[in-house]
Each structure stands twice: as C-alpha cells, then as structure tokens.
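Asker: Okay, predicted coordinates and the sequence, questions at the end:
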Amino acid sequence: GIQVEQSPPDLILQEGANSTLRCNFSDSVNNLQWFHQNPWGQLINLFYIPSGTKQNGRLSATTVATERYSLLYISSSQTTDSGVYFCAGYTGGFKTIFGAGTRLFVKA
Amino acid sequence: GAVVSQHPSWVICKSGTSVKIECRSLDFQATTMFWYRQFPKQSLMLMATSNEGSKATYEQGVEKDKFLINHASLTLSTLTVTSAHPEDSSFYICSASRGLNTEAFFGQGTRLTVV
C-alpha cells in the first residue's frame, strides 16, 4: 500500500522562528490534508490541499502532486503551535493514510 | 467545515467488560466513517471502515469479534470494544467525510483505559 513519510520527525524552535515540514508519498494520492493534533488528542484540520498553495494566517501549504510531496510552512512560530503535525493522503475510495507525524516544540 | 462528535471523551472500565464509543456527524450525512487507533507517540492506525447499512471492513490484523462496528444510520457509527483487556487501552478516533475524496473531519477521540 501507499507509504507516507514525514520529515523531520522532531523539531524544536525558538518562538518567532519559521519552519518547513515535508510530506512525501510513495504513490499518487487522490487528495491530501494537514492536521495539527493538540495536547488533548483532537485533530485540527489545517489544510485540504490536493494541489497548489493555500494560506491561512501564519500557516501555508503547498502540494506538488506530480512530484508526490507537500510542504507545510509555519511562520513566526508561537508556543501554541506546539504539538504533532500529520499529513494524510487519500487512496482510492475514502481511506486516509497518515504519516508518522512531526513533533514540534516551540520554546518561549 | 463539518462537525464530528465522539462520545465519551474518556472511559475507564474493568477488564472483561465491554465499552461502546459513539461517533456522530452532526451537520452532514456520512455513508462511510472510519475508526482509528493511536498508541502514545505514534501515528493513527486505521482499524476499520464503517459502512451504513452493511458490514464493516476491517484492516488486516484487527479482530472483528473484539472490535464490533455498527453503522446504524447516516449520522451514527459505534465501536464496541468487547471483553476489554488492559492491552486494549488506547486512544480511539473516528472520522467522516461528506463524500468520496472529500475532506475528512475527526471526532475528539476517546481515551480508553482498561484496569
């Protein structure tokens, strides 16, 4: 089945710094989402981005479907950005396959 | 967006008892819902696909008799952990989407502890 690889696995930032998280897919996916899992376990939808670029405040994402990767940019990071970031790809049908996640810690 | 509600948020049960977790799509109909399991510091693992009006489709290695799934209506799926044991303790999360290849929305998750 499809493999989803995320990098880096762990990231420590000083508050105010920028970062880029990457998601690679072993095969074509029908669609792609980015999530932030908060300390209570809730998955927060960040972007639904099959291709192109989207921005929402300090966050933006770019997916290049033909090259099977997606990037999540976090600018001017804040301590509340800490948590785990997952990308997930849709295979045929509804199935959503998750990457292992990037664990982000933003220091004050 | 869309709202998916999961209940309960956490539950503690005795070994040997059964626990039912509900997943509801509050503002849309979902013919298909998904159940995931997450161990500490790990990713989400798909357990099964819940189909309204038909049997669930389980992923390889997931015990059908242990994890009973019922998709009673277009807005409700339930996961019952039968004869729970400490190794079933985990975080369980459901998801739903409006249609094929559309955005998925997740419930709040249920933290199950079996003592």
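Answerer: Nice, I can see it. Given the structure is predicted, the values throughout are model-derived calculations rather than measurements.
Asker: When you work out contacts or count neighbours from here on, use the C-alpha atoms and nothing else.
Answerer: OK.
Asker: check which helix or strand covers the residue positioned nearest the centre of chain B.
Answerer: Centroid-nearest residue in chain B, with C-alpha atoms, centre = their mean: B:Trp35, separated by 3.7 Å. Using DSSP states H and E, B:Trp35 sits within strand B:32-38.
Asker: At which residues are the strands of chain A located?
Answerer: Applying DSSP state E to chain A gives strands spanning A:4-7, A:10-14, A:19-25, A:31-37, A:43-48, A:52-56, A:59-64, A:69-74, A:83-90, A:96-98, A:102-107.
Asker: In terms of mean pLDDT, which of these ranks lowest?
Answerer: Ranked on mean pLDDT, the bottom entry among the strands of chain A is strand A:96-98, at a mean of 87.
Asker: quick one: is it near chain B?
Answerer: Yes - judged by C-alpha under 8 Å from any C-alpha of the partner chain, strand A:96-98 comes into contact with chain B at A:96-98.
Asker: of those residues, closest to chain B?
Answerer: Chain B lies nearest to A:Phe98 out of the residues of strand A:96-98 next to chain B, by C-alpha to the nearest C-alpha, at 6.4 Å.
Asker: Return the distance of that closest one relative to A:Phe25.
Answerer: 10 Å (C-alpha to C-alpha, to the nearest Å).
Asker: what's the answer for B:Asn101, then?
Answerer: Relative to A:Phe25, and taking C-alpha to C-alpha, B:Asn101 is found at 17 Å.
Asker: and chain B, which residues reach chain A?
Answerer: Contact residues (C-alpha under 8 Å from any C-alpha) of chain B with chain A: B:32, B:34, B:42-46, B:99-103, B:105-109.
Asker: swap the cut-off to 6 Å and go again
Answerer: B:43, B:100-101, B:108 (C-alpha under 6 Å from any C-alpha of the partner chain).
Asker: Among those residues, which one has the most neighbours?
Answerer: B:Gln108 (22 neighbours; other C-alpha atoms under 10 Å in any protein chain shown).
Asker: Spit out the contact partners of that residue.
Answerer: A:42, B:6 (C-alpha atoms under 6 Å, 6 or more residues apart in numbering or on different chains).
Asker: for chain B, what spans make up the strands?
Answerer: Here chain B has its strands, by DSSP E, at B:4-7, B:10-13, B:19-25, B:32-38, B:44-51, B:57-58, B:67-73, B:76-81, B:90-97, B:104-106, B:110-114.
Asker: and for the first one, what are the contacting residues?
Answerer: Outside of strand B:4-7, the residues within contact range by C-alpha under 6 Å, 6+ apart are B:21-26, B:106-108.
Asker: how about 7 Å then?
Answerer: With contact meaning C-alpha atoms under 7 Å, 6 or more residues apart in numbering or on different chains, strand B:4-7 is reached by B:21-26, B:105-110.
Asker: could you flag which of the residues you listed are buried?
Answerer: With burial judged by 16 or more other C-alpha atoms under 10 Å in any protein chain shown, the buried subset of these is B:21-25, B:105-110.
Asker: Next to chain B, which bits of chain A? Give me the list.
Answerer: With C-alpha under 7 Å from any C-alpha of the partner chain as the criterion, chain A comes near chain B at residues A:30-31, A:41-43, A:48, A:90, A:93-94, A:98-101.
Asker: Just the buried ones from those residues?
Answerer: Listed as buried from these are A:30-31, A:41-43, A:48, A:90, A:94, A:98-101; burial here means 16+ other C-alpha under 10 Å.
Asker: ok, which pair from those is furthest apart?
Answerer: Using C-alpha to C-alpha, the pair of those lying farthest apart is A:Asn30 and A:Gly41, separated by 25.9 Å.
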